[in-house]
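Visitor: One predicted model, sequence on top.
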Amino acid sequence: MTRVKKPKRTGSILLSRHRNAGTKDSVLPVPHAHPVTTSALSSKTGRTVIRKHHTLHKRLSQALKKNDVDTAAAIQAEIEANGGLEKYQQASICGQSSQRGGDSSKIFIEWIGETRRSSKLKSGKADNTTGHVGGQRFRLLEVGALSPDNACSKSSMFDVKRIDLNSRHPSIETQDFMERPLPKDDSERFDTISLSLVLNYVPLPAARGEMLRRTTKFLRDVSLAQDDSPISELFPSLFLVLPAPCITNSRYLDEDLLVEIMNSLGYTLVCSKLSAKLSYQLWRLMRKELTQVSGLEKKKEVNPGKTRNNFAILLD
Ligand SMILES: C[S@@+](CC[C@H](N)C(=O)[O-])C[C@H]1O[C@@H](n2cnc3c(N)ncnc32)[C@H](O)[C@@H]1O
């Protein structure tokens, strides 16, 4: 009885629509120098702020890589003069409202609903599960949390731990996921991790791979006893959201290569959706051991073309 939705092949049909769209390599965390502001930005201004922030962070990471301290300091000053992480977050919050299709976590909740409905059709019985074994709620680690009121936070199924490089709310802890202490046991692990529009914030391809690898350490073991509810088959998992062009218009990444990278980390794709702007994917962690796959540590051109972006993920 397979309740988990089969992965859809999405990239090939939509690829041509994104041929001219670009998502450049981006960005490093910076401390903010500006007070929190909640006023709305126009969508055009918001897009400009986000693009500029990513470009500056890409340049910053390149300067840091070359140990060019003077250039890095100048770029850092420019980032701060442009409003820093704070302004970027404000623009991202505005982007969540309309033109980007809203709160991405709604998609995860929709997938849970679909899984329940399809199992009801098959079994004739409703699935009213509110969590896993013992009626506990599913533990969700939201990395890069902008606010505490997205769809997952509102759902009674989840107990949410929120972190961000720069907290905008008392219920969000200021923490770099890459510095979060590793769990000592399963009580400190999670059933699911949300990485929505965070991986593309990381400036270097190898650091993105490291972030993905690190997610596996925070997820509970798949072999832990589960109840037989259909939605438990969606866990332990990683909800990954990326700008669509990272997958549909990159010279160095496409859906097949992402599947290869994720499989080598122990993940299997269980749900996916591609909108005009975003790629949403749910990856279930099937095993904790990593498979060494050679070739994933080097960039390889999977989509040649002048108008493509350079987004890449490498596993060192
Ligand atoms: C574009 S916002 C996305 C916010 C939200 N998750 C969404 O889907 O709209 C990216 C957020 O990720 C945060 N972020 C980036 N790298 C992070 C890290 N290593 N640890 C914690 N938060 C991080 C940034 O501070 C920023 O607030």
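Guide: Happy to help now that I have it. Numbering: from 1, shown residues only.

Visitor: CA atoms for contacts and neighbours, from now on please.
Guide: Will do.

Visitor: Low-confidence regions, the stretch 151-300 of the chain specifically.
Guide: 223-228 (pLDDT under 70).

Visitor: quick one, helices of it?
Guide: 151-154, 205-217, 245-248, 255-265 (DSSP state H, counting those that start in this stretch).

Visitor: Need the CA coordinates for the second one. CSV is fine.
Guide: The reference is to helix 205-217. Extracted C-alpha coordinates of helix 205-217, given in CSV (Å, rounded to 0.1, in the frame of the first residue of the first chain):
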residue,chain,number,x,y,z
PRO,A,205,28.3,25.5,-3.6
ALA,A,206,30.2,23.3,-1.1
ALA,A,207,28.6,25.2,1.9
ARG,A,208,25.2,24.4,0.4
GLY,A,209,26.1,20.7,0.2
GLU,A,210,27.3,20.9,3.8
MET,A,211,24.0,22.5,4.9
LEU,A,212,22.0,19.7,3.2
ARG,A,213,24.3,17.0,4.8
ARG,A,214,23.8,18.7,8.2
THR,A,215,20.0,18.4,8.0
THR,A,216,20.3,14.6,8.1
LYS,A,217,21.9,14.8,11.6
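
Visitor: The ligand contacts on the stretch 151-300 of the chain?
Guide: 163-166, 175-178, 196-198, 201 (CA under 6 Å from any ligand atom).

Visitor: From those, which land in strands?
Guide: 163-164, 196 (DSSP state E).

Visitor: Tell me how many other residues crowd residue 306.
Guide: 9 (other CA atoms under 10 Å).

Visitor: So it lies in a helix, does it not?
Guide: No. Counting by DSSP: H, G, I helix; E, B strand; the rest coil, residue 306 is not found in a helix; it is coil.

Visitor: roughly how far apart are it and the ligand?
Guide: 26 Å (CA to the nearest ligand atom, to the nearest Å).

Visitor: now the strands: where do they sit in the stretch 51-200 of the chain?
Guide: 138-143, 158-164, 172-174, 192-196 (DSSP state E, counting those that start in this stretch).

Visitor: which residues does the nearest residue to residue 219 once chain neighbours are set aside contact?
Guide: Distances taken as CA to CA, 6 or more residues apart in numbering put residue 190 closest to residue 219, at 4.8 Å, once the chain neighbours are dropped. The neighbours of residue 190, taking CA atoms under 8 Å, 6 or more residues apart in numbering as the test, are 138-141, 218-220, 236.

Visitor: Mind splitting the protein into its structural domains?
Guide: 11-15+102-285, 27-97 (automatic domain parsing).

Visitor: Go through these and pick out the most buried.
Guide: Stretch with highest mean neighbour count among these: domain 11-15+102-285 (a mean of 19; mean count of other CA atoms under 10 Å).

Visitor: what about that one, distance to the chain center?
Guide: 7 Å (CA atoms, centre = their mean, to the nearest Å).

Visitor: Relative to the ligand, how far out is residue 316?
Guide: 18 Å.

Visitor: Likewise for residue 158?
Guide: From residue 158 to the ligand the distance is 16 Å (CA to the nearest ligand atom).

Visitor: Across the sheet, point out what pairs with that residue.
Guide: Under DSSP bridges, the beta-bridge partners of residue 158 are residue 138.

Visitor: and it, what does it touch?
Guide: 131, 137-140, 152.

Visitor: same thing but 7 Å
Guide: Going by CA atoms under 7 Å, 6 or more residues apart in numbering, residue 158 touches 137-140, 152.

Visitor: what do you get for residue 301?
Guide: If you count contacts by CA under 7 Å, 6+ apart, then residue 301 has 251-252 around it.

Visitor: Now name the helix or strand holding it.
Guide: Under the criterion DSSP states H and E, no helix or strand holds residue 301.

Visitor: Report pLDDT for it.
Guide: For residue 301, the pLDDT comes out at 96.
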